[in-house]
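Trainee: Just a sequence and a predicted model for now, questions to come.
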Amino acid sequence: MIYYMLFYYIIMNLEVETKIKKLIAQKPNLVYKIDDKVQRYEDIVIAMRKYKFQNKLPVKYEKTAIKDVFDFHFNCTIDNLIMFDSINLDNSFIISKINDHEFFLKIPKVPNDTYSSLIAVYTN
């Protein structure tokens, strides 16, 4: 079966960019060390969208922090930002919800001396 995904893109304006920078500059509310590595951050977005619209999640994520983070992101009514840092990739990745719109950004690698992949959650 082939899945087609439709993304609704909203251009990031200065207000949104400022909110994202403000959130990422503060200490995260929660940090998860995870054993999993991804080959591409796009795989996280695909898994998240499939979970959001079809309530299906890859088996390897079913009982993990990734499921909890997705649930939080979908149900949270305040601005939030989730930063993924896969230890094997050269950059980090942000999924944010600002003013009820989702934004996806690759950013320079966040310093990580844990030798593990990380997920950090930020809120106001």
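Mentor: Perfect, I can see it now.
Trainee: Please enumerate the strands of this protein.
Mentor: Under the criterion DSSP state E, the chain contains strands at 30-34, 80-85, 91-98, 101-108, 117-123.
Trainee: Going by residue numbers, what spans are helices in this protein?
Mentor: 14-25, 42-54, 65-75 (DSSP state H).
Trainee: Just the angle for the shortest one relative to strand 101-108, thanks.
Mentor: Per axes from the mean of the first three to the mean of the last three C-alpha atoms, to 10 degrees, the angle that helix 65-75 makes with strand 101-108 is 140 degrees.
Trainee: Against which helices or strands is helix 65-75 packed?
Mentor: Packed against helix 65-75 by the contact rule (3 or more C-beta pairs under 8 Å, 6 or more residues apart in numbering; DSSP states H and E) you find strand 30-34, helix 42-54, strand 80-85, strand 117-123. Using the backbone N, CA and C atoms, a C-beta is placed for each residue, glycine as well.
Trainee: follow-up on the earlier one: out of the helices of the chain, flag the one nearest N88.
Mentor: helix 42-54 (12.5 Å; C-beta to C-beta).
Trainee: In that closest one, which of the residues would be classed as buried?
Mentor: Neighbour-count burial for helix 42-54 flags I44, V45, A47, M48, Y51 (criterion: 16 or more other C-beta atoms under 10 Å).
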